[in-house]
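> Fold the stuff below for me.
(one chain, ligands or ions: 3)
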Amino acid sequence: MADFQKAHKQVAIEAALKAGAYIKRNVGKHLSVRYKGEINVVTHVDKNAERIIVERIKKSFPCHAILAEEKNYAKVQSDFKWIIDPLDGTTNFLHGFPFFCVSVALFHKEKPLFGVVYDPEKNELFTGECGKGAYLNRKRIGVSKIRELKKSMLVTGFAYNVKSARNNNIENFTRFLKASQAVRRAGSAALDLCYVACGRFDGFWELYLNPWDMAAGALILEEAGGKITQFDGSPFTVYDKELLASNSKLHSQMIRVLQR
Ligand code: IPD
Ligand code: CA
Ligand code: CA
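Ligands and ions are numbered 1, 2, ... in the order given. Predicted structure coming up:
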């Protein structure tokens, strides 16, 4: 069983590193861009990065299910499911803002086993394994010790429907600005979660994320001692549309701000 799990981990890390190296090679190069919505773009790099990851997984585990952002692989069903965001932070990548990553997670019967988030610009590899902790470049990480919201640095994001959605997160943003020391909008949900996991941020909330944005980062955060729920404190799954993540000490204070 141990060797079996090691093989999964190795494939996840190999796939994320390979896709990350490919993305880095394409920074600043000409990109072919397609609009999925008014402000939601996909580039040929997102698609090729996904192909690199999926090919690596299929080589070792051809019968596993895959849920990925850019293509539908639903024909194969299995208790093992890989959840993949080949490039989280596409808008940043498009503009040359160096905050984007590859996110790969493996679930078994909807339970997370392993997650990898790789930032190719900083060469930072975040990993988390169920029950075994979270790591940044193989060094154990943990959440921050901040206990007061007014001393915290938080992060959020806005979904691509921000111009039309009634619940566009702008009111929450204003409230947290007033309640915390600072709020950032960094542009990659997977990295946002990892930054809470290693104490660079103290809390993160966002609406309308997809499973591939959250799957790896959520496990990494929980393994680092953080907490994740929906906005009202109820249990979270990667299929939910609200995510509230924190260093756990700030969690109830953040729930109170969101419930006002
Ligand atoms: C996006 C990023 C962003 C978040 C958006 C996501 P993408 O993913 O994670 O931070 O605010 O909601 O869709 O499109 O760059 O993979
Ligand atoms: Ca994403
Ligand atoms: Ca993406």
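> only C-alpha atoms for contact and neighbour calcs from this point on.
Will do.
> can you count the residues close to Ser103?
Each residue near Ser103 was counted by other Cα atoms under 10 Å, and the total is 34.
> Surely it and Pro120 touch.
No. Counting by Cα atoms under 8 Å, Ser103 does not reach Pro120; the two are 11.4 Å apart.
> Is the spatially most central residue of the chain part of a helix or strand, or is it coil?
Closest to where the C-alpha atoms of the chain average out (Cα atoms, centre = their mean) is Ala190, at 1.9 Å. Assigned by DSSP: H, G, I helix; E, B strand; the rest coil, the conformation of Ala190 is helix.
> need the contact list for it.
Asp88, Cys101, Ser103, Val117, Asp213, Met214, Ala216, Gly217 (Cα atoms under 8 Å, 6 or more residues apart in numbering).
> Try it again at 10 Å.
When contacts are counted by Cα atoms under 10 Å, 6 or more residues apart in numbering, Ala190 touches 85, 87-89, 100-104, 116-119, 212-218, 220.
> And for Cys194?
116-118, 125-128, 134-136, 141, 143, 200-201, 216-222, 224.
> Unless I misread the structure, it falls within a strand.
No. Cys194 sits outside any strand when classified using three-state DSSP, being helix.
> Domain map for this structure?
2-140, 149-258 (automatic domain parsing).
> Pull the distance from the first one to the chain's centre.
Relative to the chain's own centre, domain 2-140 is displaced by 10 Å; criterion: Cα atoms, centre = their mean, to the nearest Å.
> Report whether it contacts ligand 2.
Yes. Domain 2-140 lies within reach of ligand 2 by Cα under 5 Å from the ion, at Asp88.
> So that domain, near ligand 3 or not?
Yes. Domain 2-140 reaches ligand 3 (Cα under 5 Å from the ion) through Asp85, Leu87, Asp88.
> next one: the shortest one
No. Against ligand 3, domain 149-258 shows no contacts by Cα under 5 Å from the ion, the least distance being 7.4 Å.
> In what element of secondary structure is Phe107 found?
When elements are assigned from DSSP states H and E, Phe107 belongs to strand 101-108.
> who does that strand pair up with?
Next to strand 101-108 in the sheet, as set by DSSP bridges, lie strand 80-88 (antiparallel), strand 111-119 (antiparallel).
> Look at the one residue in the stretch 101-250 of the chain that gets nearest to ligand 3 and give its secondary structure.
As assessed by Cα to the ion, ligand 3 sits closest to Asp213 within the stretch 101-250 of the chain, at 7.4 Å. Of the three states, Asp213 takes helix under three-state DSSP.
> all helices of this structure, in order?
Under the criterion DSSP state H, helices of the chain are mapped to 2-25, 44-60, 90-95, 170-179, 189-197, 211-223, 251-259.
> can you put these in JSON lines and add mean pLDDT?
Shown next, in JSON lines, are the helices of the chain (pLDDT from 0 to 100):
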{"stretch": "helix 2-25", "mean pLDDT": "93"}
{"stretch": "helix 44-60", "mean pLDDT": "98"}
{"stretch": "helix 90-95", "mean pLDDT": "97"}
{"stretch": "helix 170-179", "mean pLDDT": "97"}
{"stretch": "helix 189-197", "mean pLDDT": "99"}
{"stretch": "helix 211-223", "mean pLDDT": "98"}
{"stretch": "helix 251-259", "mean pLDDT": "97"}
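> and Gln230, which of the ones you listed is closest to it?
Closest to Gln230 of those is helix 251-259 (Cα to Cα; 8.9 Å).
> Check the gap between Arg184 and ligand 1 for me.
Noted for Arg184: a distance of 11 Å to ligand 1, by Cα to the nearest ligand atom, to the nearest Å.
> on that earlier part again, pull the contacting residues for the residue of the stretch 101-250 of the chain closest to ligand 3.
69, 83-89, 102-104, 188-191, 193, 238.
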